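In: Dropping the sequence and predicted coords here.
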Amino acid sequence: MFRISKPGTSTSSKTSSSTNKQQQQQSEQKPEKNAVLLEYKQFVESLQKAGPSASLLDNSLTQSTTISKNNFVFHYVVGKGGFGKVWRVESKKTRQLFAMKEMSKSKVIAKRSVNSVMNERHLLSELKHPFLVNMLYAFQDRENLFLVMDLMTGGDLRFHIGRQRRFSEEQTKFFVCCILVGLEYLHMNGILHRDIKPENLVLDTKGYVRITDLGIARVWRPENSSDTSGTPGYMAPEVMCRQNHGVVVDYFALGIMAYEFMMGRRPYHGRSRREIRDQILAKQVQIKKQDIPPGWSLEAADFINRLIQRKPINRLGLNGPAEVKAHPWIKNFPWKKLINKELESPFIPNSDEENFDAKQQLTEEPDDPEIAKQNALLLRRNSVQNLFNGYYFDGTR
């Protein structure tokens, strides 16, 4: 086991509260639009280091590097995220296929997520495992950040649960065990994923599940109550209630997913984070014997019930991954054969079609011209580009 150093954090400087007369006049003419522009500009400036801003690009972008987007042929979009797109790409040199995550720097900054994207790049450079989606390259240009990852053509579990509505017990057990192997690796290295959900679990051509998206993953620390990011439907109550938390937040999410695969719905619903939190705090959902679908065992229901316990102290996995793997439902699972990928998956993705939503390929609406112009000016500053120093990575060296 290696140790991963705690990623650094950006230092914020005070932002001036005064604006000039021209900005005031513009605000009077276009109050809403200019308010957004002004707030965005002030936030970016608060991230900048002290000193004059130059109009030239940061030297780190003009260094002699061997990998850039010009090394790849872009095929088509296979997914979208909060900062940009995920492309299917092909190496011009080797003809090997990859997934390329393209993230807009301006969107990253606007959403105050610089630390998150740098943290993800840092973690991915330290991790490599057959049950994770691994990073091969990371680079940037003036406008975007790029991560080149393993291409998983089997689609994500959200896509498949949308089609299937439910999975069988055999299929769910296989998926759960794949995820547990990946989580065990992360947890043994002191990392909490914190966003386990069907969208972040992708299948290879043989039906094996890999964990992806470490955007809000964190190296565990005793005082982490301020880390409250996540997806409400799968978020553990201790995270929602801003409490310190550990590896069992990932096991809670795993239990929510297994419940969804069994029952065809999540145990807690709501239109907002608060509604879901209130439901969790109001009632401990448990699968009762009479509610178990045909073809499912009592052991499977008990496994799920113990994972979705509201109180972390009562949750399966509090004492680590060995405790989870010792549960009767999966105790005798052939772990060695799974790790060596010698088992036949009970769910094989259709290799004759693309396993993703074709709507992902729709062209995005263009940004507001004024905001786009503002972004272009801001991204020409050394101090802004310096926020992404050290992003480059070549996993082949």
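Out: Great, that's in hand.

In: CA atoms for contacts and neighbours, from now on please.
Out: Will do.

In: Buried residues in the helix ranked longest in the chain, which are they?
Out: What stands out as the longest helix in the chain, according to DSSP state H, is helix 169-188. Residues of helix 169-188 classed as buried: 169, 171-187 (neighbour count, 16 or more other C-alpha atoms under 10 Å).

In: again with stretch 332-343
Out: Under 16+ other C-alpha under 10 Å, the buried positions of stretch 332-343 are Trp335, Leu338.

In: Alpha carbons of that stretch, in CSV - could you do that?
Out: Taking Å, rounded to 0.1, in the frame of the first residue of the first chain, the C-alpha atoms of stretch 332-343 are listed here in CSV:
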residue,chain,number,x,y,z
ASN,A,332,-18.3,-18.1,-0.6
PHE,A,333,-17.9,-16.0,-3.7
PRO,A,334,-14.9,-17.0,-5.8
TRP,A,335,-12.9,-13.8,-5.2
LYS,A,336,-9.7,-15.0,-6.8
LYS,A,337,-11.3,-16.0,-10.0
LEU,A,338,-13.2,-12.7,-10.1
ILE,A,339,-10.0,-10.7,-9.6
ASN,A,340,-8.3,-12.7,-12.4
LYS,A,341,-11.4,-12.2,-14.5
GLU,A,342,-11.9,-15.9,-15.0
LEU,A,343,-15.6,-15.9,-14.3
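
In: Averaged pLDDT, it. What do you get?
Out: Across stretch 332-343, pLDDT averages out at 97.

In: Need the contact partners of that stretch.
Out: Cys178, Val181, Tyr208 (C-alpha atoms under 8 Å, 6 or more residues apart in numbering).

In: which residue ranges form the strands in the stretch 101-250 of the chain?
Out: 135-140, 144-149, 191-192, 201-203, 209-211, 218-219 (DSSP state E, counting those that start in this stretch).

In: Which of the ones you listed has the highest mean neighbour count?
Out: Comparing these on average neighbours per residue, with mean count of other C-alpha atoms under 10 Å, the densest one is strand 209-211 at a mean of 27.

In: rewinding a little: save the strands of the stretch 101-250 of the chain as TSV, and put in distance to Gly79 and mean pLDDT too.
Out: Putting those into TSV (distance: least, C-alpha to C-alpha, whole Å; pLDDT from 0 to 100) gives the following:
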stretch	distance to Gly79	mean pLDDT
strand 135-140	17	96
strand 144-149	13	96
strand 191-192	24	96
strand 201-203	12	96
strand 209-211	16	98
strand 218-219	24	94
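
In: Of all those strands, which one is nearest Ser113?
Out: strand 144-149 (12.6 Å; C-alpha to C-alpha).

In: circling back to that earlier point, quick one: closest of the strands of the stretch 101-250 of the chain to Lys101.
Out: strand 144-149 (5.0 Å).

In: Could I get the CA-only coordinates of that closest one as CSV?
Out: Output in CSV follows, covering the C-alpha atoms of strand 144-149 (Å, rounded to 0.1, in the frame of the first residue of the first chain):
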residue,chain,number,x,y,z
ASN,A,144,-9.6,22.9,-21.5
LEU,A,145,-8.3,20.1,-19.4
PHE,A,146,-8.1,16.6,-20.8
LEU,A,147,-8.0,13.2,-19.1
VAL,A,148,-7.4,10.2,-21.3
MET,A,149,-8.9,7.1,-19.7
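
In: elements contacting that strand?
Out: strand 97-104, strand 135-140 (3 or more C-alpha pairs under 8 Å, 6 or more residues apart in numbering; DSSP states H and E).

In: Where does the prediction get shaky in the chain?
Out: Counting by pLDDT under 70, the chain contains low-confidence ranges at 1-65, 357-368, 371-372.

In: Domain map for it?
Out: Domain ranges of the chain: 59-152+358-394, 157-339, per automatic domain parsing.

In: I'd like those laid out as JSON lines, including distance to Ser345.
Out: Shown next, in JSON lines, are the domains of the chain (distance: least, C-alpha to C-alpha, whole Å):
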{"stretch": "domain 59-152+358-394", "distance to Ser345": "14"}
{"stretch": "domain 157-339", "distance to Ser345": "5"}
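
In: Can you check which of these gets nearest to Pro349?
Out: Of these, nearest to Pro349 by C-alpha to C-alpha is domain 157-339, at 6.2 Å.

In: Can you give the distance from the closest one to the centre of its chain?
Out: Relative to its chain's centre, domain 157-339 lies at 15 Å (C-alpha atoms, centre = their mean, to the nearest Å).
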